[in-house]
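[1] Return a 3D structure for these sequence lines:
(chains A and B)
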Amino acid sequence: MDNGDISSETLIECEDSLDVSVLTDFKALLAQAAEQNMPVVLDGSRIERIDAAALQLIYSFFIHAKDAGFSVSWRAPSDTVCNAARLSGVTEAMGL
Amino acid sequence: MSIDVSQFLDTFYEESFEGLDIMESELLELDVGAADQDSINTIFRAAHSIKGGSGTFGLNAVASFTHVLETLLDEMRDGKRNVTQPAVDLMLTSVDVLREMLNALKTGQDIDAEHAAEVQQQLERLLKGGEEPDNDVSGVDHTSLSDHPEVMVGSGWHIRFKPLSHLFKTGNDPVRLFEELSDLGTIQVKVNDSGLPSFADIDPEDCFLSWEIEYIGDADEAQIRDVFAWVDDDCELELTIIGGEQKATTVETVAVAPVAAPASKTTAPAAPAPVAKAAAVAAAQPKEAPPIAPPKTEEKSAVARKAAPPSTESGSIRVGIDKVDALINMVGELVITQSMLNQLGEDFTMDKVQRLQEGLAELEHHTRELQENVMRIRMLPISFAFNRFPRLVHDLSQKMGKNVELKLSGENTELDKTVMEKIGDPLVHLVRNALDHGIEKPEVRASLGKPAVATLHLNAYHQGGNIVIEISDDGAGLNTEKIKNKAIEKGLINAGDELSAEKVNELIFYPGFSTADQISDVSGRGVGMDVVKKNIKDLSGAIEVLSIPGKGSRFTIRLPLTLAILDGQLVRLGDQTYIVPLVSIIESLQIRKENVKSIASDSELYRLRDEYVPILRLHKVFNTKCDNKELINGLLVVVEGDGQLAGIFVDDLLGQQQVVIKSLESNFKRVDGLSGATILGDGTVALILDIPGLVKLSKERIKKRAAASAAA
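    Modelled structure (predicted):
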């Protein structure tokens, strides 16, 4: 997972599998992005697998962003992400 | 960042093959016309697990096939469909197809898609031509439905699903559960985040969310609970019926249209989702989500190909936690002893010799215990080998028009995994032979006054250091006269030879020997029994046959429990140490002059109580040095090999110990009279005696000398 700073936003490129086994690193990445206090963009185009643990973490990140006053949005979320969010009832809260 | 799912695939394959074995054995036990609901549930659960797992790993071909099979089973489970013989046969074929598919995926080969599609179509045809539930002549057991009037049918269910915090760590994923639920109907999911900590405090591996789900569809409580069966112990699950009246379920009321196969899957009735009113549900401001209809079948073939497993055998073994715990305890003890010895060695003085000896004895004790426990890990119940026979007997007896009841006993008898793997084929040969040659057709049995249903019995038990496997049948038994004539015809014996019935029966183990009048694809080519005997001998085992004409026959196989470690008696001959397997030793004694008889220049016998035992001078057999050539007051180790006794003359008896067997063939070359070698504590190599081979070798040597002296 790469994190590229663009002048006005922090882009996080999610890799193809986002599940409980990689979330400790992913959380660190999100926390690092949050510290920039800039809009965060999650590139979900490559995600082929996402589980409820990952959805929970991202969901919590969205709440945190709202409280901290920065925005989080998705760039090209894959069908997998959208389906998983819809099945888990977090579509709206995750800005999908 | 990616996860390597292949690391879990082997486990999935193993569990799936076990599931298929369970399905097969339960299907074989299903009584057509009076099917047991528990059996159908067991078969359904196995199919359900395979479907779930294959879906998770993207093995869509397997998932799709299993889905149709599962639908059929589901209808049987709900009493909507009778359990008929054609259906059972088709499901058995489906088990074969699934096994082939999984085997192909496991070994990285192509699936036989044509065959799979053909069987899948047959399943779909059976589904479409579903029987009327009220046309129930089969007597399918509906008691589990009618006995549970609380099973409700309505427009839907309110489901409160609260995972325990560790759920994610068990590998279970709520998303997959919701996906499965959405396969059964329409769901509306609301997430409850009241327990969710702040982003800074959240442990991403713990589950803090819970869900309220409105399910609209035809599934009953049992079906809904089945979806959550894998997380049963890891969540709180509450189901409340919504939008329907509570009434006792009858077979008629649950009779709904069969669930469509994936290819024709349609959207479930899009009834408006009623708002949950269950007061018991403590939903804290759930966030709304749009209703979810059953998804279309997704094309994930590319992913499926990518997820194909490497072509390696798992070579794994499933070990009970008690065995692992015992090992950990042993290692703990060993570490304590080692540190005690280390301490002793740091400032060692001669007054601590006794403590050192005690420590070393303890070390030896713990090492032996550890060794025994490690060996236990390789021990598996013989049911792993026996499990294939119900299907084999079912198929072959149908094919041959024979009625056979297979009895299995002693299935929990344990033996080494390697021995188990190698004994499978010989057992299959023996069972096939019993079915083909031994057991008579029903009309023949009837004319002989025997029960129409023949019995084939597989039994296993431990005896001494061996496992004994018996294959017995109540068929015709071996035709001694026919065997004798065939043996004369083949020149194996002479017409005038006087042979006991047992000796004649043993002729069936000669290469190319078959008395079958007609060669069938089951047996009769005479390539079976000699291979059976050879395979068993290769495992250091033995086979014998007992037969009573007209009553049946019994084959008895004796095998060592393990091939890796041997309990041995160390004996000295000159400057060499040899190992005699303890299981072969009858007794050891000091030779008394009056008991020694010489019958020829080079043949000596020892009178042991009522019988004479040939004396085997090891130094002559192996042409090595020895300290003592005089028998009188020397030591004799009386051993038994292949049913014959022999006395091995040695210089000295040393201790007894377990030795790890090293193959001579793979490290050096095969040597007659020796079964292997081992390395002793002092680093020297000791040779392990092959007692049956040694007896044979000694006889041949005597024969040669006798022939030479006669010629002279």
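
[2] Isn't A:Ile50 up against A:Glu15?
    No. A:Ile50 is not in contact with A:Glu15 according to Cβ atoms under 8 Å; the separation is 10.7 Å. Where you see a C-beta, it was placed from the backbone N, CA and C, and this is true even at glycine.

[3] Of the two, give the one with the bigger neighbour count.
    The neighbour comparison of A:Ile50 against A:Glu15 (other Cβ atoms under 10 Å in any protein chain shown) goes to A:Ile50, with 26 against 17.

[4] Do me a favour and get the end-to-end distance for stretch B:543-559?
    End-to-end distance for stretch B:543-559, by Cα to Cα, to the nearest Å: 9 Å.

[5] again but with stretch B:368-386, I slipped
    With Cα to Cα as the measure, stretch B:368-386 spans 31 Å from end to end.

[6] What of stretch B:413-421?
    Start-to-end, stretch B:413-421 (Cα to Cα) is 15 Å.

[7] now stretch B:603-617
    End-to-end distance of stretch B:603-617 (Cα to Cα): 10 Å.

[8] Give me the mean pLDDT for it.
    Mean pLDDT, stretch B:603-617: 88.

[9] Give me the contact list for that stretch.
    Applying Cβ atoms under 8 Å, 6 or more residues apart in numbering or on different chains, the external contacts of stretch B:603-617 come out as B:589, B:591, B:595-599, B:626, B:631, B:636, B:638, B:645-649, B:694-695, B:698, B:702.

[10] show me what contacts the residue of the stretch 551-700 of chain B found nearest chain A?
    Per Cβ to the nearest Cβ, B:Ala564 is where the stretch 551-700 of chain B lies closest to chain A, at 36.3 Å. Shown in contact with B:Ala564 (Cβ under 8 Å, 6+ apart): B:Met375, B:Arg378, B:Asp416, B:Thr418, B:Val660, B:Ile661.

[11] what secondary structure does the first one sit in?
    Which is B:Met375. What DSSP: H, G, I helix; E, B strand; the rest coil gives for B:Met375 is helix.

[12] before we move on, the earlier item: please indicate which of the contacts of stretch B:603-617 are buried?
    Among the contacts of stretch B:603-617, those scoring as buried are B:591, B:595-596, B:626, B:631, B:636, B:638, B:645-649, B:694-695, B:698, B:702 (criterion: 16 or more other Cβ atoms under 10 Å in any protein chain shown).

[13] Mind checking which of these land in helices?
    With helices taken from DSSP state H, the overlap with these comprises B:Leu694, B:Val695, B:Ser698, B:Ile702.

[14] Tell me the bridge partners for B:Leu645.
    B:Glu640 (DSSP bridges).

[15] Pretty sure it sits against B:Val639.
    Yes. In this structure B:Leu645 lies within contact range of B:Val639 using Cβ under 8 Å: 7.3 Å.

[16] hmm, back to that, the residue of the stretch 551-700 of chain B closest to chain A and B:Gln463: what is the separation?
    According to Cβ to Cβ, to the nearest Å, B:Ala564 stands 20 Å off from B:Gln463.

[17] B:Asp74 now?
    Counting by Cβ to Cβ - B:Asp74 and B:Gln463 are separated by 47 Å.

[18] ditto for A:Gln56
    Between A:Gln56 and B:Gln463 the computed distance is 58 Å (Cβ to Cβ).

[19] more crowded one of those two?
    The neighbour count for A:Gln56 versus B:Gln463, taken as other Cβ under 10 Å, is higher for A:Gln56 (25 against 8).

[20] give the contact list for the more buried one.
    Residues near A:Gln56 by Cβ under 8 Å, 6+ apart: B:Leu196, B:Ile202, B:Pro204, B:Cys207, B:Phe208, B:Leu209.

[21] same deal with B:Gly359?
    B:Thr337, B:Met340, B:Leu341, B:Leu344.

[22] How about B:Glu205?
    B:Glu205 is in contact with A:Val20, A:Leu23, A:Thr24, A:Ala53, B:Phe168, B:Lys169, counting by Cβ under 8 Å, 6+ apart.

[23] what's around the residue nearest to B:Gly693 when sequence neighbours are not counted, how many residues?
    Residue nearest to B:Gly693 in three dimensions, not counting chain neighbours: B:Gly673, with 5.1 Å by Cβ to Cβ, 6 or more residues apart in numbering or on different chains. Residues lying near B:Gly673 (other Cβ under 10 Å) number 20.

[24] Tell me the helix or strand right after the longest helix seen in chain A.
    Longest helix of chain A, by residue count under DSSP H: helix A:52-68. Heading C-terminal from helix A:52-68, the first helix or strand you meet, by DSSP states H and E, is strand A:72-75.

[25] which secondary structure elements does that next one contact?
    strand A:40-43, helix A:52-68 (3 or more Cβ pairs under 8 Å, 6 or more residues apart in numbering or on different chains; DSSP states H and E).

[26] Let me see the residues that make contact with the following helix or strand past the shortest one.
    What that stands for is strand A:40-43. The C-terminal neighbour of strand A:40-43 among helices and strands, as given by DSSP H and E, is strand A:49-50. For strand A:49-50, contacts defined as Cβ under 8 Å, 6+ apart pick out A:Asp16, A:Ser17, A:Leu18, A:Asp19, A:Thr80, A:Val81, A:Ala84, B:Ile3, B:Val175.

[27] Name the spans of the chain whose pLDDT lies under the cut-off.
    No chain specified, so I'll use chain A. For chain A, the stretches with pLDDT under 70 are A:1-7.

[28] You answered for a different chain; I wanted chain B.
    Applying pLDDT under 70 to chain B flags residues B:1-7, B:130-155, B:243-315, B:464-465, B:512, B:514-528, B:562, B:600-602, B:642-643, B:712.

[29] if you set the cut-off to 50 instead, what comes out?
    Low-confidence segments of chain B (pLDDT under 50): B:1-2, B:131-154, B:244-314, B:517-527.

[30] Which one of the contacts of A:Gln56 is nearest to B:Ser540?
    B:Cys207 (53.6 Å; Cβ to Cβ).

[31] Give me the domain ranges for chain B.
    For chain B, automatic domain parsing gives the domain ranges B:6-137, B:144-295, B:321-377, B:381-560, B:565-711.

[32] Adding distance to A:Val90, write those domains out as CSV.
    Listed next are the domains of chain B as CSV, based on distance: least, Cβ to Cβ, whole Å:
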stretch, distance to A:Val90
domain B:6-137, 21
domain B:144-295, 5
domain B:321-377, 37
domain B:381-560, 45
domain B:565-711, 57
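
[33] Do you have the strands of the stretch 401-550 of chain B handy? List them.
    Along the stretch 401-550 of chain B, the stretches classed as strands by DSSP state E, counting those that start in this stretch are B:404-409, B:414-416, B:454-463, B:466-473, B:542-548.

[34] same thing with the stretch 51-200 of chain B?
    With strands called from DSSP E, counting those that start in this stretch, the stretch 51-200 of chain B shows them at B:156-163, B:185-192.

[35] With respect to chain A, which of these lies nearest?
    strand B:185-192 (3.6 Å).

[36] Now do the closest one: distance to the chain's middle.
    Taking Cα atoms, centre = their mean, to the nearest Å, one finds strand B:185-192 lying 42 Å from the centre of the chain it belongs to.
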